[in-house]
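K.L.:
coords please:
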Amino acid sequence: MIRADEDVEALLNEALSGKWAPAPESLSATSVFWVHHGTRLAGGEVTYRNQYVLVRVGAVFGACAFEPAELDPGICERCSGVTLELLLRHAPLPLRIAALDAYLGVLEPHGPSAGAERVVLPAGSPESRAEARDAAIAGLLEIAPGANVALIGVVDPLVAAIRERGGRCLPCDFNTGSTRWGDPVADGTEEVLHAAEAVVATGMTLGNGTFDGIVAHCRRRELPLVVYAQTGSNIARAFLGGGVTALLAEPFPFSQFSADSTAAYRYRLPKVDS
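P.N.:
Presented below is the predicted three-dimensional model:
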(Lines give C-alpha, C1' and ligand atoms only; values in the text may rest on other atoms or scores of the structure.)
Protein backbone atom coordinates (compact mmCIF):
# COMPACT_ATOMS: atom_id res chain seq x y z
CA MET A 1 0.00 0.00 0.00
CA ILE A 2 1.18 3.52 -0.82
CA ARG A 3 2.10 5.40 2.36
CA ALA A 4 2.25 9.15 2.92
CA ASP A 5 5.06 10.23 5.23
CA GLU A 6 4.40 13.98 5.29
CA ASP A 7 1.37 15.85 3.94
CA VAL A 8 -0.95 15.98 0.93
CA GLU A 9 1.33 18.28 -1.08
CA ALA A 10 4.23 15.85 -0.60
CA LEU A 11 2.00 13.00 -1.77
CA LEU A 12 1.06 15.02 -4.88
CA ASN A 13 4.73 15.65 -5.61
CA GLU A 14 5.50 11.97 -5.16
CA ALA A 15 2.77 11.08 -7.67
CA LEU A 16 4.37 13.49 -10.16
CA SER A 17 7.89 12.17 -9.58
CA GLY A 18 7.45 9.17 -11.86
CA LYS A 19 8.17 6.58 -9.16
CA TRP A 20 4.86 4.75 -9.71
CA ALA A 21 3.58 3.02 -12.82
CA PRO A 22 1.60 3.83 -14.81
CA ALA A 23 2.84 7.43 -14.69
CA PRO A 24 0.16 10.15 -14.48
CA GLU A 25 1.14 11.60 -17.86
CA SER A 26 0.12 8.28 -19.47
CA LEU A 27 -3.42 8.44 -18.04
CA SER A 28 -6.25 10.74 -19.06
CA ALA A 29 -9.39 11.87 -17.28
CA THR A 30 -12.05 10.27 -19.46
CA SER A 31 -14.70 12.35 -17.74
CA VAL A 32 -14.67 15.30 -15.36
CA PHE A 33 -18.09 16.09 -13.90
CA TRP A 34 -19.70 17.51 -10.84
CA VAL A 35 -22.71 16.77 -8.67
CA HIS A 36 -24.60 19.42 -6.71
CA HIS A 37 -27.23 18.13 -4.31
CA GLY A 38 -29.16 18.90 -1.16
CA THR A 39 -30.37 16.48 1.51
CA ARG A 40 -32.69 16.92 4.48
CA LEU A 41 -33.17 13.72 6.48
CA ALA A 42 -36.59 12.94 7.98
CA GLY A 43 -37.13 14.73 11.29
CA GLY A 44 -34.23 17.11 10.73
CA GLU A 45 -34.16 20.86 10.18
CA VAL A 46 -30.78 21.03 8.47
CA THR A 47 -30.43 20.84 4.70
CA TYR A 48 -27.01 19.51 3.78
CA ARG A 49 -25.69 21.11 0.58
CA ASN A 50 -22.79 19.48 -1.15
CA GLN A 51 -20.91 19.90 -4.41
CA TYR A 52 -18.51 17.24 -5.65
CA VAL A 53 -16.15 17.31 -8.60
CA LEU A 54 -15.31 13.86 -9.95
CA VAL A 55 -12.60 12.52 -12.23
CA ARG A 56 -13.08 9.20 -13.98
CA VAL A 57 -10.05 7.22 -15.11
CA GLY A 58 -11.07 3.86 -16.54
CA ALA A 59 -13.07 2.02 -13.86
CA VAL A 60 -12.02 4.39 -11.05
CA PHE A 61 -13.68 7.60 -9.88
CA GLY A 62 -11.79 10.20 -7.85
CA ALA A 63 -13.86 12.69 -5.88
CA CYS A 64 -13.58 15.93 -3.93
CA ALA A 65 -16.21 18.08 -2.24
CA PHE A 66 -15.82 21.81 -2.79
CA GLU A 67 -17.32 25.07 -1.58
CA PRO A 68 -19.87 27.07 -3.61
CA ALA A 69 -18.31 29.19 -6.39
CA GLU A 70 -14.93 27.48 -5.95
CA LEU A 71 -15.24 25.90 -9.41
CA ASP A 72 -17.28 26.86 -12.46
CA PRO A 73 -19.27 24.35 -14.57
CA GLY A 74 -17.04 24.96 -17.60
CA ILE A 75 -14.21 23.11 -15.89
CA CYS A 76 -15.95 19.83 -16.74
CA GLU A 77 -15.64 20.50 -20.47
CA ARG A 78 -12.19 22.04 -20.26
CA CYS A 79 -10.64 19.20 -18.27
CA SER A 80 -12.31 16.08 -19.68
CA GLY A 81 -9.67 14.27 -21.74
CA VAL A 82 -6.76 16.07 -20.05
CA THR A 83 -3.88 13.98 -18.64
CA LEU A 84 -3.72 13.37 -14.92
CA GLU A 85 -0.25 14.92 -14.91
CA LEU A 86 -1.67 18.28 -16.06
CA LEU A 87 -4.54 18.12 -13.55
CA LEU A 88 -2.19 17.27 -10.70
CA ARG A 89 0.10 20.19 -11.56
CA HIS A 90 -2.23 22.97 -12.65
CA ALA A 91 -5.86 22.39 -11.64
CA PRO A 92 -7.59 24.18 -8.73
CA LEU A 93 -7.18 22.33 -5.41
CA PRO A 94 -10.50 20.38 -5.44
CA LEU A 95 -9.78 19.06 -8.93
CA ARG A 96 -6.17 18.22 -7.99
CA ILE A 97 -7.52 16.23 -5.03
CA ALA A 98 -10.05 14.39 -7.24
CA ALA A 99 -7.34 13.63 -9.80
CA LEU A 100 -4.91 12.35 -7.14
CA ASP A 101 -7.71 10.25 -5.64
CA ALA A 102 -8.39 8.69 -9.04
CA TYR A 103 -4.69 8.08 -9.69
CA LEU A 104 -4.11 6.31 -6.39
CA GLY A 105 -7.26 4.25 -7.03
CA VAL A 106 -5.85 3.14 -10.39
CA LEU A 107 -2.60 2.10 -8.68
CA GLU A 108 -4.40 0.19 -5.92
CA PRO A 109 -8.20 -0.19 -5.95
CA HIS A 110 -10.10 -0.51 -2.69
CA GLY A 111 -10.76 -4.09 -1.64
CA PRO A 112 -9.47 -7.05 0.37
CA SER A 113 -6.20 -7.10 -1.59
CA ALA A 114 -5.52 -3.60 -0.23
CA GLY A 115 -6.24 -4.73 3.33
CA ALA A 116 -9.86 -3.58 3.47
CA GLU A 117 -12.94 -5.14 4.98
CA ARG A 118 -15.84 -4.75 2.54
CA VAL A 119 -18.93 -3.30 4.24
CA VAL A 120 -22.28 -3.53 2.47
CA LEU A 121 -24.59 -0.60 3.12
CA PRO A 122 -28.09 -2.09 2.86
CA ALA A 123 -30.75 -1.01 0.41
CA GLY A 124 -33.37 1.31 1.81
CA SER A 125 -34.29 4.89 2.60
CA PRO A 126 -31.78 7.73 2.90
CA GLU A 127 -32.21 7.65 6.69
CA SER A 128 -31.61 3.90 7.07
CA ARG A 129 -28.60 3.99 4.77
CA ALA A 130 -27.09 7.00 6.56
CA GLU A 131 -27.57 5.28 9.92
CA ALA A 132 -25.88 2.09 8.67
CA ARG A 133 -22.99 4.06 7.20
CA ASP A 134 -22.46 6.17 10.31
CA ALA A 135 -22.67 3.11 12.58
CA ALA A 136 -19.89 1.57 10.48
CA ILE A 137 -17.79 4.71 10.98
CA ALA A 138 -18.43 4.92 14.72
CA GLY A 139 -17.66 1.20 15.00
CA LEU A 140 -14.05 2.08 14.19
CA LEU A 141 -13.85 4.18 17.37
CA GLU A 142 -12.38 2.59 20.45
CA ILE A 143 -13.08 5.05 23.26
CA ALA A 144 -13.65 5.07 26.99
CA PRO A 145 -17.12 6.11 28.23
CA GLY A 146 -17.40 9.89 28.33
CA ALA A 147 -14.40 10.49 26.05
CA ASN A 148 -14.39 13.74 24.08
CA VAL A 149 -14.69 12.97 20.36
CA ALA A 150 -14.09 15.84 17.92
CA LEU A 151 -16.35 15.44 14.88
CA ILE A 152 -15.05 17.54 12.01
CA GLY A 153 -17.74 17.57 9.34
CA VAL A 154 -21.15 17.24 10.97
CA VAL A 155 -23.79 14.70 9.92
CA ASP A 156 -26.51 14.15 12.53
CA PRO A 157 -26.62 10.31 12.36
CA LEU A 158 -22.88 10.28 13.05
CA VAL A 159 -23.36 12.56 16.06
CA ALA A 160 -25.92 10.03 17.33
CA ALA A 161 -23.64 7.06 16.59
CA ILE A 162 -20.78 8.58 18.58
CA ARG A 163 -23.08 9.20 21.54
CA GLU A 164 -24.45 5.67 21.37
CA ARG A 165 -20.88 4.44 21.89
CA GLY A 166 -20.51 6.54 25.01
CA GLY A 167 -18.59 9.43 23.47
CA ARG A 168 -19.15 13.13 24.11
CA CYS A 169 -19.40 14.66 20.64
CA LEU A 170 -17.60 17.96 19.95
CA PRO A 171 -18.96 18.99 16.53
CA CYS A 172 -17.18 21.27 14.07
CA ASP A 173 -18.33 22.33 10.61
CA PHE A 174 -17.78 25.40 8.42
CA ASN A 175 -21.36 25.39 7.09
CA THR A 176 -23.59 24.13 9.95
CA GLY A 177 -24.51 26.19 13.01
CA SER A 178 -26.11 23.49 15.16
CA THR A 179 -26.94 19.80 15.24
CA ARG A 180 -30.46 18.40 15.00
CA TRP A 181 -30.60 18.47 18.80
CA GLY A 182 -29.57 22.11 19.07
CA ASP A 183 -25.92 21.52 20.01
CA PRO A 184 -23.72 24.45 18.92
CA VAL A 185 -21.23 23.60 16.18
CA ALA A 186 -17.76 25.17 16.21
CA ASP A 187 -16.72 26.83 12.95
CA GLY A 188 -12.99 26.15 13.42
CA THR A 189 -11.01 23.03 14.29
CA GLU A 190 -8.72 24.45 16.99
CA GLU A 191 -11.30 24.49 19.81
CA VAL A 192 -12.53 20.91 19.33
CA LEU A 193 -9.08 19.44 18.65
CA HIS A 194 -7.68 20.99 21.85
CA ALA A 195 -10.30 19.17 23.95
CA ALA A 196 -10.39 15.93 21.95
CA GLU A 197 -9.36 12.48 23.11
CA ALA A 198 -10.28 11.03 19.71
CA VAL A 199 -11.11 12.58 16.34
CA VAL A 200 -13.49 11.69 13.54
CA ALA A 201 -13.02 13.73 10.34
CA THR A 202 -14.64 13.58 6.94
CA GLY A 203 -12.78 13.59 3.65
CA MET A 204 -14.10 17.11 3.00
CA THR A 205 -11.13 18.27 5.07
CA LEU A 206 -8.96 17.33 2.07
CA GLY A 207 -10.89 19.75 -0.12
CA ASN A 208 -10.87 22.69 2.29
CA GLY A 209 -7.19 22.34 3.25
CA THR A 210 -7.61 21.41 6.92
CA PHE A 211 -6.67 17.72 6.61
CA ASP A 212 -2.91 18.19 7.06
CA GLY A 213 -3.36 20.20 10.27
CA ILE A 214 -5.72 17.61 11.74
CA VAL A 215 -3.35 14.75 10.91
CA ALA A 216 -0.36 16.64 12.34
CA HIS A 217 -2.26 17.38 15.56
CA CYS A 218 -3.26 13.73 15.99
CA ARG A 219 0.28 12.55 15.27
CA ARG A 220 1.71 14.96 17.82
CA ARG A 221 -0.76 14.06 20.57
CA GLU A 222 -1.03 10.38 19.57
CA LEU A 223 -4.81 10.64 19.25
CA PRO A 224 -6.88 8.09 17.36
CA LEU A 225 -8.08 9.62 14.08
CA VAL A 226 -10.92 7.95 12.18
CA VAL A 227 -11.59 9.31 8.70
CA TYR A 228 -14.80 8.85 6.74
CA ALA A 229 -13.98 9.62 3.13
CA GLN A 230 -16.13 10.06 0.10
CA THR A 231 -13.76 12.86 -0.86
CA GLY A 232 -10.27 11.49 -1.41
CA SER A 233 -10.82 8.00 -0.04
CA ASN A 234 -7.63 6.72 -1.67
CA ILE A 235 -5.67 9.72 -0.40
CA ALA A 236 -6.85 9.22 3.18
CA ARG A 237 -5.85 5.55 2.92
CA ALA A 238 -2.26 6.61 2.20
CA PHE A 239 -2.12 8.22 5.67
CA LEU A 240 -3.00 5.03 7.55
CA GLY A 241 -0.23 4.63 10.09
CA GLY A 242 0.90 8.19 9.41
CA GLY A 243 -1.66 9.89 11.61
CA VAL A 244 -4.85 8.14 10.47
CA THR A 245 -5.67 5.10 12.59
CA ALA A 246 -8.83 3.89 10.83
CA LEU A 247 -10.78 4.69 7.67
CA LEU A 248 -14.18 4.07 6.17
CA ALA A 249 -13.69 4.65 2.45
CA GLU A 250 -16.77 5.13 0.29
CA PRO A 251 -15.89 5.51 -3.38
CA PHE A 252 -18.38 6.90 -5.90
CA PRO A 253 -21.30 6.27 -6.41
CA PHE A 254 -22.02 7.40 -2.85
CA SER A 255 -24.74 5.99 -0.61
CA GLN A 256 -26.92 9.11 -0.83
CA PHE A 257 -27.27 8.70 -4.60
CA SER A 258 -28.73 5.19 -4.56
CA ALA A 259 -31.45 3.21 -2.80
CA ASP A 260 -29.69 -0.06 -3.66
CA SER A 261 -27.03 -1.74 -1.57
CA THR A 262 -23.56 -0.30 -2.11
CA ALA A 263 -20.08 -1.04 -0.82
CA ALA A 264 -17.77 0.83 1.50
CA TYR A 265 -14.34 -0.33 2.68
CA ARG A 266 -13.15 -0.33 6.26
CA TYR A 267 -9.45 -0.15 7.13
CA ARG A 268 -7.88 -0.49 10.57
CA LEU A 269 -4.32 -0.49 11.74
CA PRO A 270 -3.32 -3.91 13.05
CA LYS A 271 -3.24 -4.09 16.84
CA VAL A 272 0.17 -4.39 18.41
CA ASP A 273 0.44 -6.84 21.30
CA SER A 274 1.87 -5.26 24.44
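
K.L.:
can you give me the helices for the stretch 151-274 of the chain?
P.N.:
156-164, 189-195, 204-208, 211-221, 233-238 (DSSP state H, counting those that start in this stretch).

K.L.:
State the mean pLDDT of the shortest one.
P.N.:
Looking back up the chat, that one is helix 204-208. If you average the pLDDT over helix 204-208, you get 93.

K.L.:
I'd like to know which elements it is packed against.
P.N.:
Other helices and strands packing on helix 204-208, by 3 or more Cβ pairs under 8 Å, 6 or more residues apart in numbering; DSSP states H and E, are strand 60-66, helix 93-107. Just so you know, the C-beta spots here come from the backbone N, C-alpha and C atoms, and that holds for glycine as well.

K.L.:
mind redoing it with 10 Å?
P.N.:
strand 48-57, strand 60-66, helix 93-107, helix 211-221, strand 225-229, helix 233-238 (3 or more Cβ pairs under 10 Å, 6 or more residues apart in numbering; DSSP states H and E).

K.L.:
quick one on the thing from earlier: just flag whichever of the helices of the stretch 151-274 of the chain has the lowest average confidence.
P.N.:
helix 156-164 (a mean of 87).

K.L.:
And that one, what's buried?
P.N.:
Of all the residues in helix 156-164, those buried under the rule 16 or more other Cβ atoms under 10 Å are D156, P157, L158, V159, A160, A161, I162.

K.L.:
Which secondary structure elements does it sit against?
P.N.:
Here helix 156-164 touches helix 126-138, strand 148-152, strand 168-172, strand 198-202, going by 3+ Cβ pairs under 10 Å, 6+ apart.

K.L.:
which one of those lies closest to A186?
P.N.:
strand 168-172 (4.4 Å; Cβ to Cβ).

K.L.:
just to revisit the earlier point, relative to G105, which of the helices of the stretch 151-274 of the chain is closest?
P.N.:
Closest to G105 of the helices of the stretch 151-274 of the chain, according to Cβ to Cβ: helix 233-238, at 4.6 Å.

K.L.:
quick one on the thing from earlier: let's have the helices of the stretch 151-274 of the chain in CSV, adding distance to R129.
P.N.:
What follows is these, written out as CSV (distance: least, Cβ to Cβ, whole Å):
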stretch, distance to R129
helix 156-164, 10
helix 189-195, 27
helix 204-208, 19
helix 211-221, 25
helix 233-238, 17
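
K.L.:
The strand or helix carrying G38 pairs with which strands, and in what direction?
P.N.:
For G38, the host element (DSSP states H and E) is strand 31-39. Here strand 31-39 has these sheet partners by DSSP bridges: strand 48-57 (antiparallel).

K.L.:
Can you list the buried residues in the helix or strand containing L88?
P.N.:
Assessed by DSSP H and E, L88 sits inside helix 84-90. Buried positions in helix 84-90, judged by neighbour count with 16+ other Cβ under 10 Å: L84, E85, L87, L88.

K.L.:
before we move on, the earlier item: could you check the angle strand 60-66 makes with the strand holding G38?
P.N.:
50 degrees (axes from the mean of the first three to the mean of the last three Cα atoms, to 10 degrees).

K.L.:
Low-confidence stretches in the protein?
P.N.:
Applying pLDDT under 70 to the chain flags the ranges 41, 44, 46, 271-274.

K.L.:
run the last query once more with 50
P.N.:
272-274 (pLDDT under 50).

K.L.:
What is the neighbour count of A98?
P.N.:
33 (other Cβ atoms under 10 Å).

K.L.:
roughly how far apart are it and Y228?
P.N.:
Per Cβ to Cβ, to the nearest Å, A98 is found 17 Å from Y228.

K.L.:
hmm, back to that, the strand holding G38: which residues count as buried?
P.N.:
Counting neighbours by 16+ other Cβ under 10 Å, one finds that the buried residues in strand 31-39 are V32, F33, W34, V35.

K.L.:
Surely the last one touches L54?
P.N.:
Yes. Contact status for V35 versus L54: in contact at 7.0 Å, counting by Cβ atoms under 10 Å.

K.L.:
what's the overlap in contacts for these two?
P.N.:
Both V35 and L54 are contacted by A63, F252, P253, under the criterion Cβ atoms under 10 Å, 6 or more residues apart in numbering.
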